[in-house]
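Student: What follows is a predicted structure for the sequence shown.
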Amino acid sequence: MTPDEWAAGIGFLTATGQKCDAIRQEYILLSDTCGVSMLVDALANRKSGAATESTVIGPFHTADAPEIPLDGSIASAGKGAPLLVSGRVTDSAGAPLAGAVVEAWETDGHGLYDTQYAVRDVPDCRGYVRTASDGRFAFRAVLPVEYSIPTDGPVGDMLRALGRASMRPAHLHFKIAAAGHVPVVTALYVDGDPSLDADAVFGVKSSLVARFERHDSADDARRLGLTPPFYTLAHDFVLEPALFPAAV
Ligand code: BEZ
Ligand code: FE
């Protein structure tokens, strides 16, 4: 390393720290875009068998997601193309987990999380449901769309210098928790998204690519109180037993 290269490295790391504030965490973004976050996650969250794999939580999870009733909506009206999400939460042996928490958060149809708007009176495009006695859950959402990670800081400079893309493929984040089981932070990625193989933060795993099926039938939409097109996503989550169970 030459003295100039050394100084440039110090300058880059200093600028990364200076870009951080109470909301913006440029160092985590640097970790994400270097693949470090996914590596730490992979080492900490080894899964066996059919257990649902984890992925990065990202900077847009909040602690104020509201509980919504089964079949309710995590998105307010007009936030994007309607999406019906359903599935089951089971243990590794396929037994249903009743009362499991299925939390989801996502972008709206503009590719923005609620926390990215100047005004955020209430949480939107985020919420959680509890599974029924047969482990089933269902809620309404909107079709998530792909978006760029923030590129107005040193991480953006790094991506441009390396000729790397800044996009994340469209995805729906999940946090699944059930008493006596290891919780999982994960996401489902929209099959067919052009950025699946070029995720800026390396978060995609093949087991997490899911079919968000498009429906154009006006009759089906009307029966559901929707306008076409609408989308459906069906996915089951599998949790492993916890060695040291914690309350949920
Ligand atoms: C996200 O998926 O929300 C995300 C993850 C890592 C960096 C930026 C965004
Ligand atoms: Fe995200």
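Tutor: Okay, I see it. Ligands and ions are numbered 1, 2, ... in the order given.
Student: Could you give the number of residues near the residue in the chain positioned nearest to ligand 1?
Tutor: Nearest residue of the chain to ligand 1, counting by CB to the nearest ligand atom: Gly58, 2.6 Å away. Backbone N, C-alpha and C define where each C-beta goes, glycine included. Residues near Gly58, counting by other CB atoms under 10 Å, number 20.
Student: Can you classify it as helix, strand or coil?
Tutor: coil (DSSP: H, G, I helix; E, B strand; the rest coil).
Student: That one reaches His173, doesn't it?
Tutor: Yes. Proximity of Gly58 to His173 meets the contact threshold set by CB atoms under 8 Å, at 6.8 Å.
Student: Contact partners for the residue of the chain closest to ligand 1?
Tutor: Asp32, His173, Val201, Gly203 (CB atoms under 8 Å, 6 or more residues apart in numbering).
Student: do that again at 6 Å, thanks
Tutor: By CB atoms under 6 Å, 6 or more residues apart in numbering, no residues touch Gly58.
Student: Around ligand 1, which positions in this protein sit nearby?
Tutor: Contact residues (CB under 6 Å from any ligand atom) of the chain with ligand 1: Leu29, Asp32, Val56, Gly58, Pro59, Phe60, Ile149, Arg168, Val201.
Student: can you list contacts of stretch 239-248?
Tutor: Ala51, Ser92, Val101, Ala177, Ala178, Ala179, Gly180, His181, Val182.
Student: any idea which of the residues you listed is the one closest to Pro82?
Tutor: Proximity of those to Pro82 was ranked by CB to CB; the top entry is Val101 with 23.3 Å.
Student: Report how many residues lie close to the closest one.
Tutor: So Val101, with other CB under 10 Å, has 20 neighbours.
Student: In three-state terms, label the residue nearest the centre of the chain for me.
Tutor: Nearest to the geometric centre of the chain sits His173, at 2.2 Å (CA atoms, centre = their mean). Here His173 is strand, with the state taken from three-state DSSP.
Student: list the contacts for it?
Tutor: Contacts of His173 by CB under 6 Å, 6+ apart are Trp105, Ala187.
Student: go again using 8 Å as the cut-off
Tutor: Contacts of His173 by CB under 8 Å, 6+ apart are Ile57, Gly58, Phe60, His61, Ala104, Trp105, Glu106, Val185, Thr186, Ala187.
Student: same question, Ser54
Tutor: So Ser54 contacts Asp41, Asn45, Lys47, Val184, Val185, Thr186 (CB under 8 Å, 6+ apart).
Student: Tell me where the longest helix sits in the protein.
Tutor: In the chain, assigned by DSSP state H, the helix with the most residues is helix 3-18.
Student: What mean pLDDT does that one get?
Tutor: Regarding helix 3-18, the rounded mean pLDDT is 98.
Student: Appreciated, that's everything.
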